[in-house]
Structures are given as structure tokens and as C-alpha cells.
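# based on what follows, work out the 3D shape:
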Amino acid sequence: MDQWSELILLFFIYSFIGWVWETIYCSLKAGRFVYRGFLTGPYCPIYGFGILGVLYFLEPLKNNLVLLYFASAVLVSVLEYLTSYALEKMFHASWWDYKDVPLNLNGRIALPISAFWGIACVLIVKVIHPRIQIVSDYLVAQFHWVLPALFSVILVADLIYTVTNMQAFRRMTKEVNDLLETRTRELSENVAERSEALKAEWEEWKQTLEQEVGERTAKQQAFLDELKENSAVSQRLQRLNFSQRRWIKNYPKLSLRDLENPESVKRLVTSFRERRKKM
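Okay, the predicted model is just below:
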């Protein structure tokens, strides 16, 4: 029992350390506090699974730094790829994207990132883990199975809450996308009617074409502003809770699949959230 308790505690300790690392890194990069993590609590399970995998599966390699480095980089990269794929299939959303990083594979993993994780894992195995092991042993001796069981219940509850939240988030963004598509078709029909009327005035239309193109960005913003004031859209955006707003705010590369206009939906949600903060 104590062995399982130790395993679970190590999982949560490294999940928390991963959350701290990712939050600090992303906060410094963004110049503001960024609360990272797919789940609500301060932990990122992918770090817990990844580091435990390195500690236990690669234990025979711990005295060979070169093999440990390459094996760690491969193991963590496989886990990162599978996690990205699973999240996308389950929730139709991509949470990170390395397409702007050289030598990436489908934007899910990238060689420079894998190289970094190899170094990080060697540092954890040789320097950090011996100290973490002392903390884990102390907690197991003091609390036995109670603390791991409590953490496990919290994680399961958080997972259920997050999955439910994500399903509601998908429904809301789909509804907003449908409203946006409807309004876009209406505007397209108006443009088509206007084009027919302008055929007889071809020369005049050519002269104003440059001005029309120059005003496209302003019209697009006006279109989004109009949608924000739309009661049907507003009612749906008001249903966003803390976690859903956090996903949009703190995951700039969050990609919403199965939508015709995912970027427009994201910008609409973001601008609505910022407007509420000013009110």
C-alpha cells in the first residue's frame, strides 16, 4: 500500500512542479500572470505521467547520461504527441501548436522542444528527484494512504468538472459559430445584390475598389462589434465560466476544430470578455 501511496504522491508532486514551471514560463513570456493547465487545479498531469515514466521505465539507464538523455527525450515526446492527439479527438480542440517551431511533427511535438525535455529529465533524475524522494517518503510515513486518496478524489472530481465544462464550451462555441455563419450569409446575399446593381456602373466600381479593400478590416471589426451586441450571441457568451474564459485567455494557440470560423469565434469571445472587465 505504501508503494502505491508513494507513486501517487510523486505523480501529484511532479504534476504540481510542472504546473509551476509552465505557469512561470508562460507568465514571463506573456508579461502577465498566466494560469496554465487544462484542469482547474494547480497541476498538469502530463508532467506527472512523463516524469514517473522516466523514473521507473528508464531506471536502468540512470547511470548512463547519454542513453538517459535520448531515451527521456523520446519517451516524453511520444507522451506529448499522444496527449495532443487524444485531447484533439476527445474535445475537438488543439491546446498547443509547434508549427512555428523548426522540425516539428504535425505541430504536436518538435525536435528543439524534445531536446529541452531530454535535458530537463536528466536534471530531474540526477539532481531533483533525490530531494523529492525525501519529501515523498516523509509524507507517506505521516499520512500513509490518506493524502494520496484525498488528492486522487480531488483530481477525479476536477476531471469530471473539466470534461463537463469542455462539452458545454464546445456547444456554446458551436452556437456562436452558427449565428456568425447565418449573419455572414445574410451579408453575402446583400453583397451579391449590390454587385448586380454595380455591374451597370463598372467603371465607377473599379475606382472605388481600392477604398473597399482598405476598409475591409474596419468592416470586419464592425461586424464582430455588431455580433457582440446581438442578444442571442450575448446570452451565449455570458454563460462562459472561469475555466472557459481562462482557456481562451491563457491558451493563445487553442484551436477549435469542426467550426467554419474558429478564429472569428475566438476573437468574439475574447473581445466580449475584455468588454465585461471594463464594465
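# how close does residue 142 get to residue 136?
11 Å (Cβ to Cβ, to the nearest Å). For the C-beta atoms, the positions are set from N, CA and C on the backbone; glycine is no exception.
# these two: which is more packed in?
Neighbour count, other Cβ atoms under 10 Å: between residue 142 and residue 136, residue 136 has more, with 19 against 9.
# now do the same for the closest residue to residue 159 other than its chain neighbours: helix, strand or coil?
Nearest residue to residue 159, sequence neighbours excluded (Cβ to Cβ, 6 or more residues apart in numbering): residue 39, at 6.7 Å. Here residue 39 is recorded as coil under DSSP: H, G, I helix; E, B strand; the rest coil.
# go ahead and confirm residue 39 touches residue 46.
No. The pair formed by residue 39 and residue 46 falls short of the contact definition of Cβ atoms under 8 Å, at 10.5 Å.
# all helices of this structure, in order?
Ranges of helices within the chain are 2-30, 45-57, 65-91, 111-123, 129-143, 146-198, 202-214, 216-229, 231-237, 242-250, 262-278, based on DSSP state H.
# so which bits of the third one are buried?
Okay, so that is helix 65-91. Across helix 65-91, burial judged by 16 or more other Cβ atoms under 10 Å covers 68-69, 71-73, 75-77, 79-80, 83-84, 87, 91.
# got the contact list for residue 89?
Contacts for residue 89 (Cβ atoms under 8 Å, 6 or more residues apart in numbering) come out as none.
# that one and residue 82: what is the separation?
Residue 89 is 11 Å from residue 82, where distance means Cβ to Cβ.
# what's the answer for residue 244, then?
From residue 244 to residue 82 the distance is 25 Å (Cβ to Cβ).
# distance between the ends of stretch 115-135?
29 Å (Cα to Cα, to the nearest Å).
# list the contacts of that stretch.
Against stretch 115-135 from outside (Cβ under 8 Å, 6+ apart): 10, 13-14, 50-51, 54-55, 58, 62, 65, 68-70, 72-73, 76-77, 80.
# which parts of it are buried?
Here stretch 115-135 shows 117-118, 120-122, 124-125, 129, 132 as buried, counting by 16+ other Cβ under 10 Å.
# looking at those, which is nearest residue 148?
residue 132 (15.0 Å; Cβ to Cβ).
# keeping just the C-alphas, turn stretch 88-103 into PDB.
The C-alpha atoms that make up stretch 88-103 are tabulated as PDB, following Å, rounded to 0.1, in the frame of the first residue of the first chain:
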ATOM      1  CA  GLU A  88      -8.000  16.800 -30.000                       C
ATOM      2  CA  LYS A  89     -10.100  13.700 -30.700                       C
ATOM      3  CA  MET A  90     -12.000  13.900 -27.400                       C
ATOM      4  CA  PHE A  91     -12.600  17.700 -27.400                       C
ATOM      5  CA  HIS A  92     -12.100  18.800 -31.000                       C
ATOM      6  CA  ALA A  93      -9.600  21.300 -29.800                       C
ATOM      7  CA  SER A  94      -5.800  21.600 -30.100                       C
ATOM      8  CA  TRP A  95      -4.200  23.000 -26.900                       C
ATOM      9  CA  TRP A  96      -0.700  23.600 -28.200                       C
ATOM     10  CA  ASP A  97       0.800  24.100 -31.600                       C
ATOM     11  CA  TYR A  98       4.500  23.800 -32.500                       C
ATOM     12  CA  LYS A  99       4.000  24.500 -36.200                       C
ATOM     13  CA  ASP A 100       6.200  27.700 -35.900                       C
ATOM     14  CA  VAL A 101       9.000  25.700 -34.300                       C
ATOM     15  CA  PRO A 102      11.500  24.100 -36.700                       C
ATOM     16  CA  LEU A 103      11.500  20.300 -37.200                       C
END
